[in-house]
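J.: Show me the folded form of this:
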Amino acid sequence: MLLSAVATLLQGQEKLEKMTSTVVALEAKVTAQETTINSMGKEIKKLKEQANDRDQQARDLTVRLFNFPIADGDTAETGRSLATKIYDRILKPILVAAKAKGDIASVPVANNVVEDAFRVGKPTLKDGVMRPPPVIVKLCNRQLRLAILKNKRLNIPSPTDGERGCGIRKFIVVEDLTVPTFKKLSDLLADDRVEKAWSTEGKLRFVLMGNDKSVKKVKSVFDSNDEIIGSASF
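T.: Residues are numbered from 1 along each chain as shown. Below is the predicted model of the structure:
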């Protein structure tokens with residue numbers, strides 16, 4: 001009877017050892033799969049970053065114009081008609097200021113400034129006012145684009161009294177950002193830890209709240225705000 005009990009214990013021990021071995025092997029497989037998944041995740045993120053960078057580079061001649069009024073309620077207005085109106089009303093005064101500062105040698109005519117212009121989306125209701133859809137403005141060269149972005153803040157014209165009466169408080173010209181970059185910029189602007197954030201040539205920069213006013217760079221728009229702020233670099 002004692003021998004039988006010992007044999008049973010040995011068999012149980014052998015089964016336990018086999019089960020332990022199986023568990024160890026399964027844990028090794030899980031670890032290997034987790035490593036593979038992490039590696040794939042990093043590769044997918046890298047591919048997304050590369051695609052986003054290419055998309056942003058393809059926009060190096062475009063800017064976005066917000067709040068430009070719709071002519072006679074025509075949301076389909078595009079091409080040269082719209083381009084000429086934007087040049088006369090918005091871009092020419094900015095370029096005149098850029099010339100005065102020496103950023104450009106002369107102020108080109110409309111056809112040599114704006115290659116194309118078209119609206120994206122539909123009018124939207126905000127604060128009880130219908131806002132016109134933004135306009136994508138394709139410029140003829142990067143020098144003009146840089147001059148416009150550099151000089152727009154102090155020289156962009158103000159809306160007329162009639163436009164203000166329609167709810168247009170100001171015109172806004174910004175870089176034409178990709179969807180992921182624009183979303184990350186919006187996320188940073190909404191973060192209580194961030195004092196201000198902006199884009200420069202499609203790359204995001206920000207300054208944190210507090211005494212440190214150094215400008216930080218966003219390495220990847222696919223990182224979370226915690227990752228960006230935690231690893232912020234100059």
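J.: Do a quick rundown of the helices in this structure.
T.: 2-57, 79-86, 92-101, 142-155, 161-165, 179-189, 225-230 (DSSP state H).
J.: which residues of the chain score low on pLDDT?
T.: Where the chain drops to pLDDT under 70, the residues are 1-3, 5-7, 9-10, 12, 71-78, 233-234.
J.: most centrally placed residue in it?
T.: residue 181 (1.5 Å; CA atoms, centre = their mean).
J.: Name the nearest residue to it, ignoring sequence neighbours.
T.: residue 221 (5.0 Å; CB to CB, 6 or more residues apart in numbering). From N, CA and C alone the C-beta is placed, and that goes for glycine too.
J.: pretty sure the one you found contacts residue 179?
T.: No: counting by CB atoms under 8 Å, residue 221 sits too far from residue 179 to count as a contact (9.7 Å).
J.: So for the two, which residue has more residues nearby?
T.: Neighbours were tallied for residue 221 and for residue 179 using other CB atoms under 10 Å; the higher tally belongs to residue 221 (25 against 10).
J.: so what's that one up against?
T.: 49, 52, 180-181, 183-184, 204 (CB atoms under 8 Å, 6 or more residues apart in numbering).
J.: care to break the protein down by domain?
T.: With domains defined by automatic domain parsing, the chain comprises 62-175, 179-230.
J.: Quick check: residue 232 vs residue 226, distance?
T.: From residue 232 across to residue 226, the span is 11 Å (CB to CB, to the nearest Å).
J.: Near residue 41, how many other residues are there?
T.: 10.
J.: go on, residue 144?
T.: Neighbour tally, residue 144, other CB under 10 Å: 23.
J.: from memory it sits against residue 108, does it?
T.: Yes: between residue 144 and residue 108 there is a contact under CB under 8 Å: 7.4 Å.
J.: okay, and the common contacts of these two?
T.: In contact with both residue 144 and residue 108: residue 95, using CB under 8 Å, 6+ apart.
J.: Could I get the phi/psi values of the nearest residue to residue 93 once chain neighbours are set aside?
T.: Excluding the flanking residues, the one nearest residue 93 by CB to CB, 6+ apart is residue 157, at 5.4 Å. The phi/psi pair for residue 157 (degrees, to the nearest 10) reads phi -60, psi 160.
J.: of all the domains of the chain, which lies closest to residue 16?
T.: domain 179-230 (43.7 Å; CB to CB).
J.: tell me how far the ends of the closest one are from each other?
T.: One end of domain 179-230 to the other measures 23 Å (CA to CA, to the nearest Å).
J.: before we move on, what about stretch 215-230?
T.: Taking CA to CA as the criterion, the two ends of stretch 215-230 lie 14 Å apart.
J.: Could you give the number of residues near the residue nearest to residue 207 when sequence neighbours are not counted?
T.: For residue 207, ignoring the flanking residues on the chain, the nearest one in space by CB to CB, 6+ apart is residue 195 at 4.8 Å. Burial measure for residue 195: 14 neighbouring residues, criterion other CB under 10 Å.
J.: Just list the residues touching residue 195, thanks.
T.: Contact analysis of residue 195 by CB under 8 Å, 6+ apart lists 206-209, 213.
J.: Check residue 53 too.
T.: Here residue 53 is in contact with residue 202 (CB under 8 Å, 6+ apart).
J.: quick one: residue 216 and residue 232 touch, right?
T.: Yes: using CB under 8 Å, residue 216 makes contact with residue 232 at a distance of 3.9 Å.
J.: if you count what's nearby, which of these two comes out ahead?
T.: residue 216 (20 against 17).
J.: beta partners for the closest residue in space to residue 198 that isn't next to it in sequence?
T.: Residue nearest to residue 198 in three dimensions, not counting chain neighbours: residue 205, with 5.8 Å by CB to CB, 6+ apart. Residue 205 has these beta-bridge partners by DSSP bridges: residue 198, residue 217.
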